[in-house]
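Q: I would like the atomic coordinates for the input below:
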Amino acid sequence: MKKPRTEAQDLCSRANGAKSRGPVTPRGKLMSSRNSLKHGLLATAVLLPGESRDRFLKLCTELTTEYGPKSPTEWILLERIVHTQWRLVRLRNYERVAMIQEASAVAQVPEVITEAGVWFEPCARDTVAFHALHGRIRSGSVLQISELRYERQFALAVAQFKNHRERFESANPSPKKDPIEETNPGSPRNG
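A: A predicted model of the protein is given here:
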């Protein structure tokens with residue numbers, strides 16, 4: 001078991017740290033440049049060119065706040081949750097772009113005759129595009145299969161996270177506070 005550091009040791013460490021001018025070697029500079037990466041969550045390896053780093057970091061922050069990982073295993077599982085959710089968002093964007101391309105390729109929009117005259121069904125073009133896109137084996141089914149795969153991965157990672165959290169908390173119960181101290185903090189306890 002480690003001994004707690006003394007106040008003098010802490011002051012000495014701070015004084016030495018203040019003298020530091022940062023890394024000098026190329027390897028040291030590379031390692032230092034990665035200091036902001038916590039448990040790989042902020043690693044942008046999952047980002048493709050053109051994807052928003054800010055949106056990805058926002059997703060990381062939101063899910064970190066929601067899940068509040070407490071152990072290395074929970075950080076690993078949270079990373080899987082974040083990366084899988086990011087891939088689901090990307091996949092839905094692919095589908096949206098494919099639908100837009102397909103809709104613009106549709107030659108004619110079906111007309112609907114009403115009492116007021118002829119008008120175009122607002123979603124007719126998109127409906128035709130949807131059927132055209134998903135009628136093609138390659139693009140439609142690949143999107144569907146990928147989406148199902150990522151949704152399963154996401155659900156599994158969330159379930160594993162919750163399971164680990166329950167086991168972690170039962171193995172490491174938080175200390176119970178003294179009810180007298182909670183109601184009268186700092187007051188001497190009457191015997």
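
Q: looking at this, Phe23 is in a helix?
A: Wrong residue type there; residue 23 is Pro, not Phe. No. Residue state for Pro23 (DSSP: H, G, I helix; E, B strand; the rest coil) corresponds to coil; a helix is not indicated.

Q: what are the phi and psi values at Gly22?
A: The phi/psi pair for Gly22 (degrees, to the nearest 10) reads phi 90, psi 180.

Q: could you do Lys3 as well?
A: Dihedral angles (degrees, to the nearest 10) for Lys3: phi -80, psi 140.

Q: okay, strands next: where are they in the chain?
A: Under the criterion DSSP state E, the chain contains strands at 111-114, 117-120.

Q: now do the same contact list for the closest residue to Ser71 other than its chain neighbours.
A: Leaving aside its chain neighbours, Ser71 sits nearest to Phe168 (5.7 Å; criterion: Cβ to Cβ, 6 or more residues apart in numbering). Just so you know, the C-beta spots here come from the backbone N, C-alpha and C atoms, and that holds for glycine as well. Under the criterion of Cβ atoms under 8 Å, 6 or more residues apart in numbering, the neighbours of Phe168 are Lys70, Ser71, Thr73, Glu74.

Q: quick one, what contacts the third one?
A: What it means is Thr73. His164, Phe168.

Q: same thing but at 7 Å, please
A: Contact partners of Thr73, counting by Cβ atoms under 7 Å, 6 or more residues apart in numbering, are His164.

Q: just to revisit the earlier point, confidence score at the residue nearest to Ser71?
A: pLDDT for Phe168: 85.

Q: please report the distance of it from Glu74.
A: Using Cβ to Cβ, to the nearest Å, Phe168 is found at 7 Å from Glu74.
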